[in-house]
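**Student:** Would you be able to build a 3D model of this:
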Amino acid sequence: MTNIKTRNINTQGLNARRKEKNMQFHQNGFHAGDPDIYKRAQNHKELTQDMPNEVDVLIVGSGPAGLTLAAQLSGHPDIVTRIVDLKPGPMEKGQADGISCRSMEMFQAFDFAEKVKREACWVNETSFWNPKPEKPSEIHRTGRIQDVEDGLSEMPHVILNQARVHDRYLEVMQNAPTRLVPHYSRKLIDLTLTEKEVSHPITVTLERIGSGYEGQFEKVRAQYVVGCDGARSSVRSAIGRELVGDKANQAWGVMDVLAETDFPDFRMKSLVKSESEGSIIFIPREGGHMVRVYIEMDKLANNERISRSRMSVEKLIDATNRVLNPYTINVKEVVWWSIYEVGHSVTDKFDNVPTKNIGTQLPRIFIAGDACHTHSAKAGQGMNVSMGDTFNLGWKLILVLQKRCNPKLLHTYSAERRTVAKDLIDFDHEWSRIIGAPPEPGTPLEETPKFQRYFIEHGRYTAGLSVKYTPSILTSHGDWQHLAPGFEVGTRFHSAPVTRLADAKLVQLGHTIKADARWRLYAFAGAGSPASPQSDIQKLCNFLGTSLDSPLQKFTPKEMDSNRVIDVMAVFQQSHRDLDIGAMPDFLRPKVGLLQLTDYEKMFCPDHAAGDIYTMRGINREGGCIVIVRPDQHIANVLPIDGFKELSSFFEGFLIAPLTKSIPNEFSG
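**Tutor:** Below you'll find the predicted structure:
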């Protein structure tokens with residue numbers, strides 16, 4: 001009879017390992033059914049309509065920022081999370097629609113990028129239209145360019161209804177071990193933070209909204225509160241922050257339409273300027289027929305607010321036809337429409353700690369998205385930057401709540417993301433000015449208009465790929481940057497194609513990064529055979545696997561799989577057919593899960609047909625290097641492959657050694 005090995009392990013730890021994505025499962029035993037649906041955690045019953053008395057994290061607002069955060073936290077049953085919203089239910093249509101390449105890379109970490117790609121409209125080219133020099137009352141095409149420069153990202157720029165993005169996040173939450181769902185029809189009435197050192201120092205009062213709940217209030221105590229509740233944020237007001245910036249002086253209309261037209265670029269992103277009737281922007285939408293139209297309206301006087309009651313959809317359609325001359329548009333159905341004012345503002349900080357108290361006070365309350373920065377919709381960055389806010393914050397909260405990181409780490413959220421928001425506002429301010437400026441008179445076809453030149457010059461920004469975090473405890477100064485110039489410290493990890501050694505599968509290396517709060521360490525081997533006992537990769541693996549100075553040995557609880565805090569992968573220079581996987585370091589074939597099965601997906605080789613990653617990213621071939629990647633896909637450090645001391649010192653700057661040997665109640669992904 002076969003001896004079946006078992007271990008005494010809590011089932012929430014089993015749930016933790018079941019979600020080793022990149023479609024790895026069965027490591028805890030056979031898993032029947034959809035591998036994206038995980039067994040409910042033992043201590044998580046069906047969520048009731050009532051709020052619990054205590055939570056670890058309370059998220060206020062279920063927009064893109066709130067759902068990005070909730071989706072991350074939903075994978076960790078040891079963290080009690082709730083998300084509330086004033087609305088009666090999920091969004092169905094309207095609002096944002098542009099999804100940048102960077103956001104698509106982030107969606108890959110949540111494992112729904114492919115679903116979005118299938119449903120969304122891909123923006124492949126952008127066209128530009130200006131008045132004809134010989135007949136300025138009519139427009140003509142002055143340019144057509146590729147929307148995203150080759151090589152910027154493996155992901156496309158796509159258009160999809162914001163509500164469908166919400167649906168994808170809600171699906172992740174509902175399939176997670178916590179079965180997290182939003183609590184709708186809740187209004188934030190009061191938020192107070194006690195000065196005493198207590199475990200749940202924030203008290204929140206919520207009012208139930210809707211028929212049958214009149215006069216009902218709920219009090220919830222929380223360790224942390226995150227306000228993702230929009231430009232009129234109650235959380236922001238509660239912590240005394242204000243949006244500061246220039247007031248709106250330009251109104252724009254927006255409508256999603258099903259229409260017939262003779263305008264030739266109707267299914268292409270198009271920026272159109274007329275001589276005297278203003279500008280419009282066409283954004284093709286998903287489904288092959290719907291199009292979003294942005295229409296420039298009148299200038300606003302000082303302190304003037306535009307009212308929807310003063311506008312009608314018929315006026316928006318008429319304005320569109322005036323700009324389009326000699327073309328026309330016949331609108332068959334208006335799916336959604338609105339008007340908005342172009343203004344730009346940002347708060348001074350994104351948490352509750354005054355600048356003067358950063359050294360003595362820890363953040364407890366955060367704001368994200370429109371709650372702390374506002375801008376126009378024309379740059380297509382609002383939803384993207386909002387999701388980036390909480391993608392930055394989520395893993396930090398997880399590691400702090402699980403006592404893996406010092407709470408001082410939370411100060412980096414405001415420091416990093418406010419810089420991003422300020423850059424967005426500066427870009428959007430200039431872009432709005434250029435879009436709203438009168439057309440350049442008599443621009444001939446062979447000349448490139450200014451707004452077209454600006455669009456081309458800032459392609460990396462509109463793709464969401466210009467964010468670079470400055471040096472901090474999480475991001476190095478890049479002293480060894482020359483070892484891999486294509487992996488710039490502070491920027492997002494720029495994926496490249498590789499071949500997985502074990503099964504010869506072509507994969508994107510960046511897609512091994514999941515939204516699971518784990519760090520990634522990529523070891524790029526230098527010249528020579530990695531099978532040699534004296535090779536650089538063998539020495540690194542020996543250090544990581546056995547040395548007491550290894551960050552894996554210091555910061556991974558003993559009963560956890562070795563890759564549960566820092567996930568190590570290796571890339572070799574040789575072809576996959578020239579290497580014997582059995583001769584590679586045992587460390588790169590770790591045992592995982594309840595059954596302690598071998599993980600064969602930690603070693604990769606260049607894919608010479610798709611492109612050699614060493615060449616594509618400028619990796620030093622002689623000595624190789626180490627690239628350390630944060631849980632939010634940004635590069636934290638580049639080190640020599642034998643930089644053991646520097647490697648240990650880096651992680652000692654923020655990780656905390658485990659106090660117990662118990663397995664955390666979490667799952668990966």
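
**Student:** Contacts only, for residue 188.
**Tutor:** Residues near residue 188 by C-beta atoms under 8 Å, 6 or more residues apart in numbering: 60, 84, 204, 205, 206, 229, 234, 235, 238. From N, CA and C alone the C-beta is placed, and that goes for glycine too.

**Student:** Which helix or strand contains the closest residue to the last one other than its chain neighbours?
**Tutor:** Looking back up the chat, that one is residue 238. In space, and not counting its chain neighbours, residue 238 is closest to residue 191: 4.0 Å by C-beta to C-beta, 6 or more residues apart in numbering. If you go by DSSP states H and E, residue 191 is part of strand 186-193.

**Student:** how about that strand: buried residues?
**Tutor:** Under the neighbour-count criterion of 16 or more other C-beta atoms under 10 Å, strand 186-193 has 186, 188, 191 buried.

**Student:** my guess is the last one meets residue 202, correct?
**Tutor:** The one in question is residue 191. Yes. The pair residue 191 / residue 202 is scored as a contact, 6.8 Å apart, by C-beta atoms under 8 Å.

**Student:** List the residues that are in contact with both of those two.
**Tutor:** With C-beta under 8 Å, 6+ apart as the test, residue 191 and residue 202 both reach 225, 365.

**Student:** still on that earlier bit, using TSV, please lay out the buried residues of strand 186-193 together with distance to residue 118 and pLDDT.
**Tutor:** Output for the buried residues of strand 186-193, formatted as TSV (distance: C-beta to C-beta, whole Å; pLDDT from 0 to 100):
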residue	distance to residue 118	pLDDT
186	34	96
188	37	98
191	41	98
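
**Student:** which element follows the strand holding residue 191 toward the C-terminus?
**Tutor:** Downstream of strand 186-193 (by DSSP H and E), the next one is strand 202-208.

**Student:** what comes up buried for the helix or strand following that following strand?
**Tutor:** For strand 202-208, the following helix or strand on the C-terminal side (DSSP H and E) is strand 217-227. For strand 217-227, burial by neighbour count (16+ other C-beta under 10 Å) applies to 218, 220, 221, 222, 223, 224, 225, 226, 227.

**Student:** what angle do the strand holding residue 191 and strand 217-227 make?
**Tutor:** 70 degrees (axes from the mean of the first three to the mean of the last three C-alpha atoms, to 10 degrees).

**Student:** Just checking: what are the partner strands of strand 186-193?
**Tutor:** Sheet pairing of strand 186-193 (DSSP bridges) gives strand 202-208 (antiparallel).

**Student:** Tell me the spatial nearest neighbour of residue 589, not counting adjacent residues.
**Tutor:** residue 598 (5.1 Å).

**Student:** partner residues bridging that neighbour?
**Tutor:** residue 591.

**Student:** surely it meets residue 587?
**Tutor:** No. Shown here, residue 598 and residue 587 do not form a contact pair, counting by C-beta under 8 Å, at 11.9 Å.

**Student:** These two - which one has more neighbours?
**Tutor:** residue 587 (20 against 13; other C-beta atoms under 10 Å).

**Student:** Can you tell me the SS state at the more buried one?
**Tutor:** Secondary structure state of residue 587, per DSSP: H, G, I helix; E, B strand; the rest coil, is helix.

**Student:** before we move on, what about residue 649?
**Tutor:** helix.

**Student:** How many residues are close by it?
**Tutor:** By other C-beta under 10 Å, 12 other residues sit near residue 649.

**Student:** State the distance from it to residue 551.
**Tutor:** From residue 649 across to residue 551, the span is 9 Å (C-beta to C-beta, to the nearest Å).

**Student:** Likewise for residue 69?
**Tutor:** Distance, residue 69 to residue 551, using C-beta to C-beta: 27 Å.

**Student:** Check residue 545 too.
**Tutor:** Distance, residue 545 to residue 551, by C-beta to C-beta: 12 Å.

**Student:** likewise residue 589?
**Tutor:** Counting by C-beta to C-beta - residue 589 and residue 551 are separated by 20 Å.

**Student:** ditto for residue 523
**Tutor:** 13 Å.

**Student:** returning to that earlier point: between residue 545 and residue 551, who's got more neighbours?
**Tutor:** Using other C-beta under 10 Å as the criterion, residue 545 and residue 551 rank with residue 551 on top: 24 against 17.

**Student:** That one: what's its closest spatial neighbour, skipping adjacent residues?
**Tutor:** Nearest residue to residue 551, sequence neighbours excluded (C-beta to C-beta, 6+ apart): residue 651, at 3.9 Å.

**Student:** and what of residue 648?
**Tutor:** residue 549 (4.9 Å).

**Student:** what's near enough to touch that neighbour?
**Tutor:** Taking C-beta under 8 Å, 6+ apart, one finds 543, 644, 645, 648 in contact with residue 549.
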